[in-house]
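[1] based on what follows, work out the 3D shape:
(chains A and B)
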Amino acid sequence: MTTQTLKGINFSQIPILSSLARLFSKNNKTNQLADMVTTLVVPVVAFSIFMLLWSFGASQIKTSLGAVPGPAKVWEQTLTLYDEYKEEREKEVAFHERQEKRNAAKLEKNPDAKIRVRPYTGKPTYFDQILTSIVTVATGFIIASLIAIPIGIICGLSPLLYTALNPLIQIFKPVSPLAWLPIVTMIVSAVYISDDPMFEKSYLNSAITVTLCCLWPTIINTTVGVSSIDKDLINVSRVLQLSWLTKVFKIVIPSSIPMMFAGLRVSLGIGWMVLIAAEMLAQNPGLGKFVWDEFQNGSSDSLARIMVAVFSIGLIGFLLDRLMLILQRMMSWDKSAVLR
Amino acid sequence: MNTYLDLSHVTIDFPTASGFFRALDSVKLEIDKGEFISLIGHSGCGKSTVLNIIAGLHQATEGGVILNGKEVKEPGPDRAVVFQNHSLLPWLTAYENVELAVKQVFKGKKSRQEMKEWIEHNLELVHMSHAMHKRPDELSGGMKQRVGIARALAMEPMVLLMDEPFGALDALTRAHMQDSLMEIQNELNNTVIMITHDVDEAVLLSDRIVMMTNGPAARIGEVLEVGLERPRDRLALAEQPEYNHYRAEVVRFLHERHKNPADEKQSAQEDSQKDEEKPLLYAVNE
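    Sure thing, here's the model as predicted:
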């Protein structure tokens, strides 16, 4: 393995991957062995113990849908979900082929004939649902960040505004997404009226609910970051008579980036958790709806399929956090700072 | 009036929980163009406050500062400050740090190419050309301070204000920086006000040493004219009786007549007579 790829893997900020990569790399040195034991072997052992406990514990409990599934059953369902996805894709390819053939034949008969290209409307597969969830959470999170960062900066710079907004922030921060959702649903239904809607209402409801829960950590952290800028740097900007905008972009934002990102990461974590609940209630065709549908479906496979969803949600949440960490690394000027 | 920089009866009160605290009481000082002034005194005597008032970062309660016929009301690049802990922007390289200042000061006056040359020239002046694209965290303490000085010089200030610029450096680096500063001063002949704790530094660099009494209500105790010829060489000076005389004057002021307030408490009972003399020591050198 080249040093380049090693660097790339280290950049991913996932310690297990880094250790694995080192294990297979040629310039593997013996003094790294102890390090490897801690970062690779220990987690693997812990995970194995968890699997054993799970598989033993699961077989003890009988539910109305049969025994609680163990790791083997869950893995089986993972493969089933993947097969269903492949099947659906094949159907889609077949559908497009049929359509093309039909249209070509029509054109041959009559070159002026109107042809219609219809999109494929099969049921969403598990992977489509994952994608929907990610798109929805990204929408909500980006909107929240675009609102929260400027508010945070202004609150950090102006004690007056901070005093004004702080009570509102503190009151809205602990509100559960389940309380927001009905309000959001009613408002969206009342305001978003269109004959040819660009977005599904369920998508908007979920995304806006995510936004409402994502705002607060970013606002609070940005405010703290901005208000704790080194006083000397502020004096530098005063001596230079920097304009307000230059000051914000050259001094305030760079120095508060670490705190800002700490807030953004908390926000995205909250957003992802909130999204699953929001999708269940708003019926946005993502992972939340998948879990809800399986629960309502109540087949003998349902619990195993829900557990697949649990692991997927966890894994994606983890990857989203790593993504933010990588972004933070790229944006941060202080490369020596330990980020975790 | 030919005075370049005039501090007339500068008094400042800071609001505290228990009423106003008078940090400076009627500080009066006149400085000519091209003079190098050192402010020396014990910690907490208000040296930095004087500098901050000249910089415009603080406003005097009474009296004021007139620079070249204009009253100082707010901070500005004509009074560049070199801060004790360099205060470079850590996310910018040495070059970019100087560039921020140059762009601000010479916006519309210099072309892009001229600005680039001017930035490089100033970094050259402080011997930082080799590391101009490094960020502060890759530079040593002395190098950071050099960049801080380059940034201040690049503003072409009317007065250069230095707040213990070498206070955080080790002795060898400090000596090196003092030599550099003298070299630059030889070339540019700026008007400089420097705060220092270091008696040798003050004698070596200054035309006049302004010694301040202990706070609260600190004022200027004595002003010592340093008549040593320039260019000065630290090795040659160390042997000179004149140099040692000036040094002794400052030490005497600081240690005999204006002891560190912390030590004073202990000796207060021993020599209460000396204490009575204290308020007399107010001399203005004209």
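[2] starting at the chain centroid, how far to the helix or strand harbouring B:Glu249?
    Assigned by DSSP states H and E, B:Glu249 falls within helix B:241-252. Relative to its chain's centre, helix B:241-252 lies at 20 Å (C-alpha atoms, centre = their mean, to the nearest Å).
[3] just the helices in the chain please.
    As the question left the chain open, I've gone with chain A. A:3-11, A:15-24, A:33-36, A:42-60, A:71-109, A:126-157, A:159-172, A:177-191, A:201-227, A:231-239, A:244-247, A:253-282, A:287-297, A:302-331 (DSSP state H).
[4] my question was about chain B
    B:47-55, B:94-105, B:112-125, B:141-154, B:171-188, B:199-205, B:234-239, B:241-252, B:261-267, B:272-277.
[5] in a markdown table, list those helices along with mean neighbour count and mean pLDDT.
    C-beta here means a position set from N, CA and C on the backbone, and glycine is covered the same way. Below are these laid out as a markdown table (neighbours: other C-beta atoms under 10 Å in any protein chain shown; pLDDT from 0 to 100):
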| stretch | mean neighbour count | mean pLDDT |
| --- | --- | --- |
| helix B:47-55 | 23 | 91 |
| helix B:94-105 | 22 | 93 |
| helix B:112-125 | 16 | 92 |
| helix B:141-154 | 24 | 91 |
| helix B:171-188 | 16 | 88 |
| helix B:199-205 | 23 | 91 |
| helix B:234-239 | 11 | 86 |
| helix B:241-252 | 15 | 90 |
| helix B:261-267 | 12 | 54 |
| helix B:272-277 | 10 | 41 |
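[6] between those, which one is nearest to B:Glu225?
    helix B:241-252 (9.0 Å; C-beta to C-beta).
[7] elements contacting the closest one?
    helix B:199-205, strand B:208-212, strand B:220-225 (3 or more C-beta pairs under 8 Å, 6 or more residues apart in numbering or on different chains; DSSP states H and E).
[8] could those be laid out in TSV, adding distance to B:Phe20?
    Converted to TSV, the helices and strands packed on helix B:241-252 look like this (distance: least, C-beta to C-beta, whole Å):
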stretch	distance to B:Phe20
helix B:199-205	31
strand B:208-212	20
strand B:220-225	21
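[9] list the buried residues in stretch B:37-44.
    B:Ile37, B:Ser38, B:Leu39, B:Ile40, B:Gly41, B:His42, B:Gly44 (16 or more other C-beta atoms under 10 Å in any protein chain shown).
[10] what parts of chain A come near chain B?
    For chain A, the residues in contact with chain B (C-beta under 8 Å from any C-beta of the partner chain) are A:230, A:232-233, A:235-236, A:238-242, A:246, A:250-251, A:254-255, A:333-334, A:336.
[11] show the buried residues in these.
    The neighbour-count test (16+ other C-beta under 10 Å) applied to the residues of chain A next to chain B identifies A:232-233, A:235-236, A:238-242, A:246, A:250-251, A:254-255, A:333 as buried.
[12] and the two most separated of those residues?
    Largest pairwise distance in these, by C-beta to C-beta, is 23.9 Å, between A:Gln241 and A:Trp333.
[13] wait, B:Val72 sits on B:Ile66?
    Yes. Counting by C-beta atoms under 8 Å, B:Val72 touches B:Ile66, with 7.2 Å between them.
[14] neighbour-wise, which of these two wins?
    Comparing B:Val72 with B:Ile66 by other C-beta atoms under 10 Å in any protein chain shown, the one with more neighbours is B:Val72, at 21 against 16.
[15] ok now do the more buried one, which residues does it touch?
    B:Ile53, B:Ile54, B:Gly56, B:Gly64, B:Val65, B:Ile66, B:Arg79 (C-beta atoms under 8 Å, 6 or more residues apart in numbering or on different chains).
[16] any chance of those in a markdown table with distance to A:Thr125 as columns?
    Shown next, in a markdown table, are the contacts of B:Val72 (distance: C-beta to C-beta, whole Å):
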| residue | distance to A:Thr125 |
| --- | --- |
| B:Ile53 | 72 |
| B:Ile54 | 72 |
| B:Gly56 | 67 |
| B:Gly64 | 77 |
| B:Val65 | 75 |
| B:Ile66 | 79 |
| B:Arg79 | 68 |
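[17] contacts with chain A among the residues you listed, please.
    Within these, those near chain A by C-beta under 8 Å from any C-beta are B:Gly56, B:Arg79.
[18] what is the nearest of the contacts of B:Val72 to A:Val308?
    Distances from A:Val308 to the contacts of B:Val72, taken by C-beta to C-beta, are shortest for B:Gly56, at 65.8 Å.
[19] what about the closest residue to that closest one other than its chain neighbours, distance to B:Ile53?
    Among residues not flanking B:Gly56 along the chain, B:Pro75 sits closest, at 4.0 Å (C-beta to C-beta, 6 or more residues apart in numbering or on different chains). Note on B:Pro75: its distance to B:Ile53, by C-beta to C-beta, to the nearest Å, is 11 Å.
[20] next one: B:Tyr95
    32 Å.
[21] same check, this time on B:Pro15
    Counting by C-beta to C-beta, the gap from B:Pro15 to B:Ile53 is 16 Å.
[22] could you do A:Gly156 as well?
    28 Å.
[23] check B:Leu139 and give its pLDDT.
    On pLDDT, B:Leu139 comes in at 91.
[24] show the contacting residues for B:Arg208.
    So B:Arg208 contacts B:Glu35, B:Phe36, B:Ile37, B:Ser38, B:Val223, B:Leu224, B:Glu225, B:Val226, B:Asn285 (C-beta under 8 Å, 6+ apart).
[25] pLDDT score assigned to residue 212?
    Picked chain A for this. 94.
[26] meant chain B actually
    So B:Met212 comes in at 90 (pLDDT).
[27] chain A versus that one, what's the distance?
    Distance check for B:Met212 against chain A: by C-beta to the nearest C-beta, to the nearest Å, it reads 22 Å.
[28] excluding covalently adjacent residues, which one is nearest to B:Met212?
    Nearest non-adjacent residue to B:Met212, counting by C-beta to C-beta, 6+ apart: B:Gly41, 3.5 Å away.
[29] contacts only, for the one you found.
    Neighbours of B:Gly41 in contact, by C-beta under 8 Å, 6+ apart: B:Lys47, B:Met211, B:Met212, B:Thr213, B:Asn214, B:Ala218, B:Gly221, B:Leu254, B:His258.
[30] out of those, who's nearest chain A?
    Distance to chain A across those (C-beta to the nearest C-beta) is lowest for B:Lys47, with 16.3 Å.
[31] just list the residues touching the residue most central in space within chain B, thanks.
    Most central residue of chain B, judged by C-alpha distance to the mean C-alpha position with C-alpha atoms, centre = their mean, is B:Met194 at 1.5 Å. Counting by C-beta under 8 Å, 6+ apart, B:Met194 touches B:Phe36, B:Ile37, B:Ser38, B:Leu39, B:Leu161, B:Met162, B:Pro165, B:Leu205, B:Ser206.
[32] gap between the closest residue in space to B:Tyr95 that isn't next to it in sequence and chain A?
    Nearest residue to B:Tyr95, sequence neighbours excluded (C-beta to C-beta, 6+ apart): B:Met132, at 4.3 Å. According to C-beta to the nearest C-beta, B:Met132 and chain A sit 17 Å apart.
[33] and residue 93, how many neighbours does it have?
    No chain specified, so I'll use chain A. Neighbour tally, A:Val93, other C-beta under 10 Å: 11.
[34] that was the other one, I meant chain B.
    B:Thr93 has 19 nearby residues by other C-beta under 10 Å.
[35] how about it, phi and psi?
    Main-chain dihedrals, B:Thr93, degrees, to the nearest 10: phi -70, psi 170.
[36] excluding chain neighbours, what is closest to whichever residue of chain A sits closest to chain B?
    Nearest residue of chain A to chain B, counting by C-beta to the nearest C-beta: A:Trp333, 3.2 Å away. Counting by C-beta to C-beta, 6+ apart, B:Trp91 is the residue found nearest to A:Trp333 once chain neighbours are left out, at 3.2 Å.
[37] tell me the pLDDT at the one you found?
    For B:Trp91, the predicted pLDDT is 90.
[38] and it, what does it touch?
    A:Pro254, A:Ser255, A:Trp333, A:Asp334, B:Arg135.
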